[in-house]
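Peer 1: Sequence and computational prediction follow.
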Amino acid sequence: MATPLEKARRDPTSMKGRILDSARRLFGSYGFHGTTTRMIAKDVGIDISTFHYHWGDKVDLYESVIADINEGLRQQLLVVEEKIRGLPLRVRVEMAVGMMIDYLFANPEIANLTILQYFTRTRMDSDITIKTPDFLSDIAYSMGLAGHRRKVSREARMKVLVMTNAIYSFTSGRQMFERMLESDRETYVAMVKETLNFYFAAPFGEGDDETGNTGA
């Protein structure tokens with residue numbers, strides 16, 4: 001029997017799909033404890049009994065949101081890996097940074113929930129988390145910072161961690177940073193890409209040959 005999450009993914013316009021979409025946005029804005037089931041029901045335009053009929057309790061829905069985010073990230077990394085395979089290292093890093101920035105700015109709840117989970121103390125009845133640490137090796141391998149997916153050095157994972165934290169911070173803090181820079185959204189996103197590529201793509205590109213090998 002299909003789970004509520006599977007049904008929501010199959011039909012995003014269904015009631016379960018609408019509840020999942022609302023929950024992603026509200027949990028991303030207010031966190032687990034700052035979001036209530038009544039807030040989600042009101043946002044969707046249903047009463048609380050209809051909410052519980054379609055999804056059960058708050059913990060179940062939160063776990064579904066995190067599972068949905070993890071699967072989305074996994075699929076996006078596969079897309080990135082396919083696009084950049086075989087290119088020079090500097091180009092791989094630049095393209096990967098750009099594609100992940102576009103994805104995360106389109107789904108800001110991912111960065112918000114990741115930061116809430118890893119940098120704040122939160123008590124709840126679930127151990128499920130966004131699997132950012134699990135993705136570090138995959139990202140490092142996709143970018144060509146490691147020769148094997150299961151043999152990624154701590155140094156390579158650290159480089160990816162620095163890059164990931166920077167992207168998450170720029171995504172989560174977008175509204176505040178836009179005001180500080182007196183910038184509109186489009187200009188801000190372009191500046192984030194340009195800045196991160198200046199710090200990451202250029203240094204990672206040192207020593208590249210035309211085939212994309214790093215000589216490591």
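Peer 2: That came through, no problem.
Peer 1: Excluding its own residues, what touches the helix or strand encompassing residue 191? List them.
Peer 2: Assigning secondary structure by DSSP states H and E places residue 191 in helix 185-196. Residues outside helix 185-196 that contact it (Cβ atoms under 8 Å, 6 or more residues apart in numbering) are 97-98, 101-102, 105, 163, 166-167, 170, 174, 177-178, 181, 183. The way it works is simple: take the backbone N, C-alpha and C, and place the C-beta from them, glycine included.
Peer 1: please redo it, this time with the cut-off set to 7 Å
Peer 2: 97-98, 101, 105, 166-167, 170, 174, 177-178, 181, 183 (Cβ atoms under 7 Å, 6 or more residues apart in numbering).
Peer 1: Now do the contacts for the residue positioned nearest the centre of the chain.
Peer 2: The chain has residue 110 as the residue nearest its centroid, 4.3 Å off, counting by Cα atoms, centre = their mean. Counting by Cβ under 7 Å, 6+ apart, residue 110 makes contact with 69, 104.
Peer 1: Spell out the residue ranges of the helices in the protein.
Peer 2: 4-10, 15-34, 37-44, 48-55, 58-84, 89-106, 108-119, 132-143, 154-172, 174-181, 185-196, 202-204 (DSSP state H).
Peer 1: Could you check how far the third one is from the centre of its chain?
Peer 2: The reference is to helix 37-44. 24 Å (Cα atoms, centre = their mean, to the nearest Å).
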